[in-house]
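Trainee: Output the structure for:
(2 chains)
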2 protein chains.
Amino acid sequence: MRAVVVTEAGGPEVLRIAEIEEAEPGPGEVRVAVRAAGVNRADVLQRLGLYPAPPGVRPDVLGLELAGEVERVGPGVSAWKPGDRVMAIASGAAQAERVVCHERMLLPIPPALDFVQAAAIPEAFLTAHDALFRQAGLGRGEPVLIHAAGSGVGTAAMQLAHAGGNLVLGTSRTAEKLERARDLGLDHPLAVAPDGQFSRRVLGLTGGRGVPVIADFVGAAYLEENLRALSIGGRLVVIGLLGGARGEVDLGRLLARRLRLFGSTLRSRPLEEKIAATQAFAREGLPLLERGLVRPVVGEVLPVEAVGDAHVRMAEDRTFGKIVLRFDR
Amino acid sequence: MRAVVVTEAGGPEVLRIAEIEEAEPGPGEVRVAVRAAGVNRADVLQRLGLYPAPPGVRPDVLGLELAGEVERVGPGVSAWKPGDRVMAIASGAAQAERVVCHERMLLPIPPALDFVQAAAIPEAFLTAHDALFRQAGLGRGEPVLIHAAGSGVGTAAMQLAHAGGNLVLGTSRTAEKLERARDLGLDHPLAVAPDGQFSRRVLGLTGGRGVPVIADFVGAAYLEENLRALSIGGRLVVIGLLGGARGEVDLGRLLARRLRLFGSTLRSRPLEEKIAATQAFAREGLPLLERGLVRPVVGEVLPVEAVGDAHVRMAEDRTFGKIVLRFDR
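Mentor: Model prediction:
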């Protein structure tokens, strides 16, 4: 079967579509015929040799999420049958014609959505749901600040928060993305100033208190401002490091205001934790997708053969929402 | 009544024993005749003008904890009667002959303990209990690293962890304190190297995994090593800043290993949260004190008139356990 393969680190030119061995589903596993697969920043980092696949995962095939049809089920699987439309996160190797998943990692695709739309859901929505609700414990009615509002995770986080009645503040470095994000429930678009400041406006919009929860993909560059923008007892969940990894932290503020700083990634978690995150989303997030209260945001669709172009566009950071690869059969 | 008063910031010489007005207990409040009161680092900081009392608290009288006898109860108080032996944390002004407390903030003094011993309990044990169990969620059987093992909070934290079956690793800059801490349940004393490193030894003692929970009073100077010593999903609770407030944090490690960094103080919390911490300790910690499984560690007892000496000794950092002021009547 064909897959997106990287055998040596480098630029987009090292990406190849190559033939690899198919795997058989073992007990409790399901083989999915992939129809579409989302592209993530992690793919670019993995291509560059900066984000190796976790142990036990084929290291030379990219891809962290997929949508397709169940093709074959392993022994003991009763929840799925061939032909079922499913989507899932994967620890890697998801940009391939067939992917074997644990049955508890699969989510049903809502009837109104096609495979391309479904492929834009798993990473963005599971990451956002896990960060906002399971990690940061965002409460009903609490305001929330979401950075990189135009990213896949950002667009998912804004919608999930908005659907739950939370006031949504969001930043982006691109004015056009902020404008588009209004349709997804962004109440207060905040263009980040050239000096990187945003905390004063966050305080202004929250009666001087700050926000109880921030979902951040930027990291070091926003760390100090994030801590200034948090209310007493506030939680900062860092799920990306676009703005660098090493930053200074004011522990005095952390202490006096009882702040909490969480690092979070899905990929490196053990299977049982990924299943728990998936099933929590199945309970709390899937109904919102099915009712159309939140929706995947697809910024660009390319055939899998154009995966190099997808990486170039990801790096250019101009896409609003997800980039999805289509597997034509 | 007499109290420890500071009217201008400065060295120990600004401390005075002065007459102040007594307060009457309002509805739900209790007036306690103070027999002993613990001394805390926060007292030294407040004397220096670096840690002002929170709003609503008399700013010129020191003291964050007390032990004594109930003298009078306000309207609606049924849980306490005059003569009851009680101890409590306070938001300030506890080093005075009489202190008015909310009835739900009081804890009964275990029968086997005297007032001086009781005065060494509230801040140390409530802070340690809250940090380890309510903030960091230390689980049964998990190993834990406790810094400043000879401090009041350190000695309480080690005992509470040991009593719960947790393997206890502890650091101190003083070899003699580490040796004494063995009697309190310290399994692995770690002398901090001159270069400030300890993470390699923590990893060595935990099969390379690191500890799931660290209670830290040092702050910036230990931040990097603390993050290296945490296991995947580990929690660092910072409750003191003896080693500085501003430190560099490696968010890459925070993300990849899903670490959590909490700031915590009791003093600045609203009444209802302090009551919650107090009542949680009443349920889970008081029985251990009553059974003698944990005990207050009194390093030094001075008459309240010698509060200046107490501050000097606190700054010298040579005491093992708490310094307590005695109110003779």
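
Trainee: Kindly format the C-alpha coordinates of stretch A:167-186 as CSV.
Mentor: Output in CSV follows, covering the C-alpha atoms of stretch A:167-186 (Å, rounded to 0.1, in the frame of the first residue of the first chain):
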residue,chain,number,x,y,z
LEU,A,167,-16.7,34.0,26.6
VAL,A,168,-14.0,33.5,24.0
LEU,A,169,-10.9,35.8,23.6
GLY,A,170,-8.5,34.9,20.9
THR,A,171,-5.3,36.1,19.4
SER,A,172,-3.6,35.7,16.0
ARG,A,173,-0.8,37.5,14.3
THR,A,174,-3.0,37.7,11.2
ALA,A,175,-5.9,40.2,11.2
GLU,A,176,-7.8,38.3,8.5
LYS,A,177,-7.7,35.1,10.5
LEU,A,178,-9.1,36.9,13.5
GLU,A,179,-11.9,38.3,11.4
ARG,A,180,-12.8,34.8,10.1
ALA,A,181,-12.7,33.4,13.6
ARG,A,182,-15.7,35.6,14.6
ASP,A,183,-17.9,33.1,12.7
LEU,A,184,-16.6,30.3,15.0
GLY,A,185,-17.6,32.0,18.2
LEU,A,186,-14.6,34.3,18.9
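
Trainee: Go through it and flag the buried ones.
Mentor: A:167-174, A:177-178, A:180-181, A:184-186 (16 or more other C-beta atoms under 10 Å in any protein chain shown). For glycine as for every other residue, the C-beta is placed from the backbone atoms N, C-alpha and C.

Trainee: Inside helices: which ones of the residues you listed?
Mentor: If you go by DSSP state H, the buried residues of stretch A:167-186 have A:177-178, A:180-181 in helices.

Trainee: how close does the closest residue to A:Val294 other than its chain neighbours sit to A:Gly292?
Mentor: Leaving aside its chain neighbours, A:Val294 sits nearest to A:Gln159 (4.0 Å; criterion: C-beta to C-beta, 6 or more residues apart in numbering or on different chains). Remark: distance between A:Gln159 and A:Gly292 (C-beta to C-beta, to the nearest Å) = 11 Å.

Trainee: same deal with A:Glu69?
Mentor: In terms of C-beta to C-beta, A:Glu69 sits 23 Å off from A:Gly292.

Trainee: In terms of packing, which of the two has more residues around it?
Mentor: Each of A:Glu69 and A:Gly292 has its neighbours counted (other C-beta atoms under 10 Å in any protein chain shown); A:Glu69 has more, 16 against 10.

Trainee: which residue sits closest to the more buried one, ignoring its sequence neighbours?
Mentor: Excluding its sequence neighbours, the residue lying closest to A:Glu69 (C-beta to C-beta, 6+ apart) is A:Ala33, at 5.0 Å.

Trainee: With A:Leu205 instead?
Mentor: Counting by C-beta to C-beta, 6+ apart, the residue nearest A:Leu205 is A:His188, at 5.4 Å.

Trainee: got it, and A:Ala18?
Mentor: A:Ala18 sits nearest to A:Val5 (C-beta to C-beta, 6+ apart), 4.2 Å away.

Trainee: So which bits of the stretch 101-250 of chain A are right by chain B?
Mentor: Taking C-beta under 8 Å from any C-beta of the partner chain as the contact definition, the stretch 101-250 of chain A meets chain B at A:219-220, A:223, A:232, A:238-241, A:244-250.

Trainee: which of those are buried?
Mentor: For these, a burial check counting by 16+ other C-beta under 10 Å picks out A:219-220, A:223, A:238-241, A:245, A:247, A:249-250.

Trainee: can you tell me which of those are in strands?
Mentor: A:238, A:247, A:249-250 (DSSP state E).

Trainee: Which strands or helices does the host helix or strand of A:Leu325 pack on?
Mentor: Per DSSP states H and E, A:Leu325 falls inside strand A:322-326. Strand A:322-326 sits against strand A:29-39, helix A:115-119, strand A:298-303, helix A:307-316, with contacts defined as 3 or more C-beta pairs under 8 Å, 6 or more residues apart in numbering or on different chains; DSSP states H and E.
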